[in-house]
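J.: let's see this in three dimensions:
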Amino acid sequence: MRGFGKADQMPYPYALDDYANEIKNLLDLLGEQKVDVVAHSFGARVLVKLLSKGETRIDKIIFTGAAGLKPRRRLSHLLKRASFLLLKIFIPREKLTFLYSKDYQNLSEVERQSFKLVVNEHLDKEYKKINNRCLIIFGDKDRETPPCTAKKMNKYIKNSKLKFISNTGHFCFCQKPEEFNGAVFSFLLGG
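T.: This next block holds a predicted model:
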C-alpha cells in the first residue's frame, strides 16, 4: 500500500476507502478466487472497510492486534488531550511535538493528515456485519489494541473464535511465532 515499505508515497492524504481500493485492485489482479487474509492492526481497518464495500472474495480472516473499534479512553489520555488543547492556545503547535506519539512524529505531513483520517474513523458497525469465519488472536499484554478490544470484536463477529497468546504484546506473531502459526494453520485447515 502507498506510504508503506518501499511503495510510492501517497499523492494526497489517504482515507480508509483509498487503502481499501488498493487492496481491491490487488484482488482484481489475482482474479476471482477466494483468499484467506491475516490482518494486523491497521491492516484490519483496511480489511473491514473493504468488506463493508461488499467485497466477496475474502474467505477466512485472522485478525491480530486488530484496530478500528472506538477505544475506551483512560483518564490519562483525556488529561493529555485537555493539556494539549489548553497549551495550543498559548504555544505554537510546532513546539508541542513532545506530546505527539513517536509514530506520529516520524510521519511526513501528508502521512500525518492520512493518519488523522484513519484513526478518527471508527468501524464498530462494520465489524458487527462481518459474517466470515474469523480467528481473533491478540497478545494478552497488548497496549496498542488492548485485550478488551479483542473481547469486544469477538462479541461483534458472530462466527469468530478468540485466542490470547500469553506474555505477548501487539506483535504476538513475532514474539511467539510457533504458537501464533500453529493457531493460524489449525484455523485455516478447519481444526
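
J.: okay, helices next: where are they in the protein?
T.: Taking DSSP state H to define them, one finds helices in the chain at 16-30, 42-52, 75-90, 102-105, 109-119, 124-128, 147-156, 172-175, 177-188.

J.: of all these, which lies closest to residue 68?
T.: helix 42-52 (4.2 Å; CB to CB). Any C-beta I mention is one placed from the backbone N, CA and C, and that applies to glycine too.

J.: quick one, that closest one and helix 147-156 angle?
T.: Here helix 42-52 runs at an angle of 20 degrees relative to helix 147-156 (axes from the mean of the first three to the mean of the last three CA atoms, to 10 degrees).

J.: tell me what helix 42-52 is packed against?
T.: Helices and strands touching helix 42-52, by 3 or more CB pairs under 8 Å, 6 or more residues apart in numbering; DSSP states H and E, are helix 16-30, strand 35-40, strand 58-64, helix 124-128.

J.: contact partners of that helix?
T.: Contacts to helix 42-52, defined as CB atoms under 8 Å, 6 or more residues apart in numbering, come from residues 1, 16-17, 19-20, 23-24, 37, 39, 58, 61, 63-68, 118, 121, 123, 126-127, 129-130, 132.

J.: rerun that using 7 Å as the cut-off
T.: The contact list for helix 42-52 (CB atoms under 7 Å, 6 or more residues apart in numbering) reads 16-17, 19-20, 23-24, 37, 39, 58, 61, 63, 66-68, 118, 123, 126-127, 129-130.

J.: tell me the contacts of residue 137?
T.: Contacts of residue 137 by CB under 7 Å, 6+ apart are 62, 64, 163, 165, 172, 180, 183.

J.: tell me what the nearest residue to the third one once chain neighbours are set aside is bridged to.
T.: Think residue 163. Of all residues not flanking residue 163 in the chain, residue 137 sits nearest, at 5.0 Å (CB to CB, 6 or more residues apart in numbering). Note on residue 137: beta-bridge partners by DSSP bridges are residue 64, residue 163.
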